[in-house]
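Colleague: attaching a predicted model along with its sequence, questions to come.
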Amino acid sequence: MKKILIIYTGGTIGMVRTPDGYAPKSGYFRSALDAIPSLHSPDMPEWELYEKEPLLDSANMTVTEWNQIAKLIAESYDMYDGFVVLHGTDTMAYTASALSFIFENLGKPIVLTGSQIPLCEVRSDGRDNLITSILIAADEYVHEVCLYFGGHLLRGNRAMKYSADGLIAFHSPNYPLLAEAGIAIRYNSDALWPKPEGPLRIRLLESFPIGVIKVFPGIQFPLFEQIMTEKLRGIVIETFGAGNIPGNGSALLPIIRRASENGTVLVVCSQCPQGTVYLGTYETSSGLTRAGAVSGYDMTTEAAVAKLYYLFSCGYDNETIKKMMERNLRGEMRD
């Protein structure tokens, strides 16, 4: 019988009602799982629960918590056939992206899931999300970090939160579904990451100063100049369309050029969920390349941020990091 480790980090799925709204309650989740008969069916794999302390709203997740989850999985790797990480939805895509880079040659499934409605409520979507995630973690098809929600299995570093209140809360706009759960779980074998040949390797992340700037009409770029110091190691710029910036970049480009000279790695992603960045396609984007920025192509902002953390943690020099930001490492971007 397959054996699965469930890692409960917090989030809506295990919250209870309080006078101040939903909040996690230490020790409650075990009794909530015991009250779900399907989890104890003979058709279910064997599972164990690890409850993280303290439980967190996912808005409070940091690099430290990503590393704690990764270390727990690495230490338990040989004892379990798969892992389910229960997580709040707000930053689930960031954690999934980070874990995908932390683990190299991952040979077992790591499935992140959660819910929009707590298990304590009658209409909770958490039951199906949890049960199906356990079954996926026990299958032998998946060898990567993924995210299951609302019947869809997504590559973790391709996912983004799409809805704040819908039960299909995540989309993968630039990559097909890994699987779809209906009467049966139908895997898309062409989309799945191949089984690795080498041994599992883990690279814990360091907390480097990284920022995100979203371009908008009328943005006053000089206001951001004061943060573009030598202390800022990386920045993701969310531009219009395929990488365009307003005003031909007359205000932004000198700031980017100076930041690049100061050693900041600048990555350009698109505000459009679907599509890719092609620097130089339009005049309004060509200056970004000349100023030292690199393209994030079709990466999500979540994946770009996690990838920067990973590459800086590897100790690469800036030129190597720029080259690797434009290279597919874990299926996070097009080849």
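Modeller: Okay, I see it. Numbers count the residues shown, from 1 in each chain.
Colleague: Gln68 sits in which helix or strand?
Modeller: helix 63-76 (DSSP states H and E).
Colleague: show me what that helix is packed against.
Modeller: The criterion is 3 or more C-beta pairs under 8 Å, 6 or more residues apart in numbering; DSSP states H and E, and the helices and strands that helix 63-76 contacts are strand 3-10, strand 46-56, strand 82-86, helix 92-102, strand 103-104, strand 201-202. C-beta: built from backbone N, CA, C; applies to glycine.
Colleague: which stretch among the ones you listed comes nearest Val265?
Modeller: helix 92-102 (15.2 Å; C-beta to C-beta).
Colleague: element containing the residue nearest to Thr281 when sequence neighbours are not counted?
Modeller: Distances taken as C-beta to C-beta, 6 or more residues apart in numbering put Ala242 closest to Thr281, at 5.3 Å, once the chain neighbours are dropped. Using DSSP H and E, Ala242 sits within no helix or strand.
Colleague: how many neighbours does Ala242 have?
Modeller: Close neighbours of Ala242, defined as other C-beta atoms under 10 Å, add up to 19.
Colleague: with Tyr22 instead?
Modeller: Using other C-beta under 10 Å, Tyr22 has 17 neighbouring residues.
Colleague: and the residue nearest to it when sequence neighbours are not counted, how many neighbours?
Modeller: Nearest residue to Tyr22, sequence neighbours excluded (C-beta to C-beta, 6+ apart): Met15, at 4.0 Å. Using other C-beta under 10 Å, Met15 is surrounded by 25 other residues.
Colleague: what sits against His40?
Modeller: By C-beta atoms under 8 Å, 6 or more residues apart in numbering, the contact set of His40 is Asp34.
Colleague: one step back: let's have the helices and strands packed on helix 63-76 in TSV, adding distance to Asn157.
Modeller: Below are the helices and strands packed on helix 63-76 laid out as TSV (distance: least, C-beta to C-beta, whole Å):
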stretch	distance to Asn157
strand 3-10	18
strand 46-56	21
strand 82-86	14
helix 92-102	4
strand 103-104	11
strand 201-202	16
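Colleague: closest one to Glu332 among those?
Modeller: Smallest distance to Glu332 across the helices and strands packed on helix 63-76 (C-beta to C-beta): 7.0 Å, for helix 92-102.
Colleague: now the closest one, how far from the centre of its chain.
Modeller: Its chain's C-alpha centre and that of helix 92-102 lie 4 Å apart, by C-alpha atoms, centre = their mean, to the nearest Å.
Colleague: what of stretch 110-123?
Modeller: Averaging C-alpha positions (C-alpha atoms, centre = their mean) puts stretch 110-123 18 Å from its chain's average.
Colleague: thinking again about what came up before, ramachandran angles for the residue nearest to Tyr22?
Modeller: Met15 has phi and psi values of phi -80, psi 160 when expressed as degrees, to the nearest 10.
Colleague: can we start the residue count at 834 from this point?
Modeller: Fine by me, first position is 834 from now on; the one you just mentioned is Met848.
Colleague: wait, doesn't it sit right on Cys953?
Modeller: Yes. When contacts are counted by C-beta atoms under 8 Å, Met848 is listed as touching Cys953 (7.4 Å).
Colleague: sorry, back to before: so what's the residue nearest to Tyr855 bridging to?
Modeller: For Met848, the beta-bridge partners under DSSP bridges are Pro857.
Colleague: residues contacting it?
Modeller: Taking C-beta under 8 Å, 6+ apart, we find Met848 in contact with Tyr855, Ala856, Pro857, Lys858, Pro951, Cys953.
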